[in-house]
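No sequence on hand, only this structure:
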């Protein structure tokens, strides 16, 4: 038997679930396949969903904690507290329930789903892509007009069609604990070469537990592992007392792909989410930008499906729709590099000393946005003279076209 669909989506994470649901709402025949036997496992991220992304799906009941503020610590221990209890900055969710609900909504809209299923081969033909899918140990042949890879950082679709790699591949490690010394509604961020070289570590409240983790680039870790740096944070850092009563109840690790691919498409093939390198270079978050990618490209995909025209020329135009997001991510990365990744601990302490001033805290609270740090970066460069020593790289980030 040959199964025929308009679209096959590989990967039933939140991006794959959101994409397949939107396509099904447009009355297309959609198949969603997932290699694991259940949705939401394994869990590999910090579990934050920004307000814009949450509004798109309305899954507020999956939230464990509403995050409205942050405490940020410099390598020497300078503390900055920002936020307003009346403004939600992000949501800490139960990712298993969140992912399940996104996929369930997709199925309710008409999507077919095959669990314990993964592609074994895919060949592009004139009118369709023919796939062989291993589903629960049995091979099934599927023909589809469009194949969408939303299958994560190590995407089978991306590798099978030799579509390149994300420009940056960070790595993260996170544990879930009880007993962390925290304050409801606030997350903690820690910086320094001894706890997260070039990046930051975090403690995120998640209901009755707290998620503690670090991320960095492999080339910045030296001979140490992420686990070594996490242990240094918890047992050797200036903040070790905050972790003294912690008991680990879970552990997760995984890659964080950032730097949107130059070519997200081939004839009848397109990549979404982590497979496309969509994660934010400033925080590593992928759900918000992944949802934005789906909404941005959906109208054009719908039009292409009408004529079944997924020629290389049309797919290149589809990829070019992402140029605005590519530019935005490049600017964010350059700002991150200028103020965090490419500065040493002494410079970080200087930056935090400036951030800690009341007038700068006011500026951060007014313009700070985890999704879009560009306006705040521009304002700081213009209004805070001490930041101008970093203006070379940061200005390049702002003006990059």
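Great, that's in hand. Keep in mind that what you see is a predicted model, and the values were worked out from it rather than measured.

got a list of what the residue nearest the centre of the chain touches?
In the chain, the residue lying closest to the centroid (Cα atoms, centre = their mean) is residue 286, at 1.7 Å. By Cβ atoms under 8 Å, 6 or more residues apart in numbering, the contact list for residue 286 reads 15, 45, 256, 273, 274, 278, 279, 280. Placement of C-beta: from N, CA and C, glycine included.

Which residue is the nearest non-sequential neighbour of the last one?
The shortest distance from residue 280 to any residue that is not its chain neighbour, by Cβ to Cβ, 6 or more residues apart in numbering, is 6.0 Å, and that residue is residue 289.

Name the surrounding residues that touch the helix or strand that neighbour falls within.
With elements taken from DSSP states H and E, the one containing residue 289 is helix 287-307. Contact partners of helix 287-307, identified using Cβ under 8 Å, 6+ apart, comprise 6-7, 14-15, 18-19, 22-23, 26, 28, 48-50, 52-53, 56-57, 145-146, 150, 270, 272-274, 276, 278-280, 310, 314, 317-318, 321-322, 325, 329, 371.

Repeat that for stretch 76-87.
When contacts are defined by Cβ under 8 Å, 6+ apart, stretch 76-87 is touched by residues 68-73, 89, 185-186, 238-239, 345, 349, 352-353, 355-356, 361, 364-365, 368.

Tell me which helix or strand residue 204 sits in.
Assigned by DSSP H and E, residue 204 belongs to strand 201-206.

other SSEs contacting that strand?
Where contact means 3 or more Cβ pairs under 8 Å, 6 or more residues apart in numbering; DSSP states H and E, strand 201-206 is packed against strand 63-67, strand 90-93, strand 186-190, strand 209-216, helix 226-235.

Quickly run through the sheet partners of it, with directions.
Partners of strand 201-206 in the sheet, by DSSP bridges, are strand 186-190 (antiparallel), strand 209-216 (antiparallel).

could you give the angle of the shortest one to strand 63-67?
Which is strand 186-190. 70 degrees (axes from the mean of the first three to the mean of the last three Cα atoms, to 10 degrees).

the inter-axis angle of strand 186-190 versus helix 226-235?
110 degrees.

Okay, buried residues for strand 186-190 please.
Within strand 186-190, the residues that count as buried by 16 or more other Cβ atoms under 10 Å are 186, 187, 188, 189, 190.

Name the residues that touch that strand?
Applying Cβ under 8 Å, 6+ apart, the set of residues contacting strand 186-190 is 67-73, 81, 83, 92, 182, 196, 200-205, 233, 237, 239, 242.

Buried among the residues you listed? Need that as a selection in ChimeraX.
Here is the ChimeraX command that selects the buried residues among the contacts of strand 186-190 (16+ other Cβ under 10 Å):
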select :67,68,69,70,71,72,73,83,92,182,196,200,201,202,203,204,205,233,237,239,242
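
What is the neighbour count of residue 63?
Counted with other Cβ atoms under 10 Å, residues neighbouring residue 63 total 21.

For it, which residues are in contact?
Residue 63 makes contacts with 49, 54, 91, 92, 93, as judged by Cβ under 8 Å, 6+ apart.
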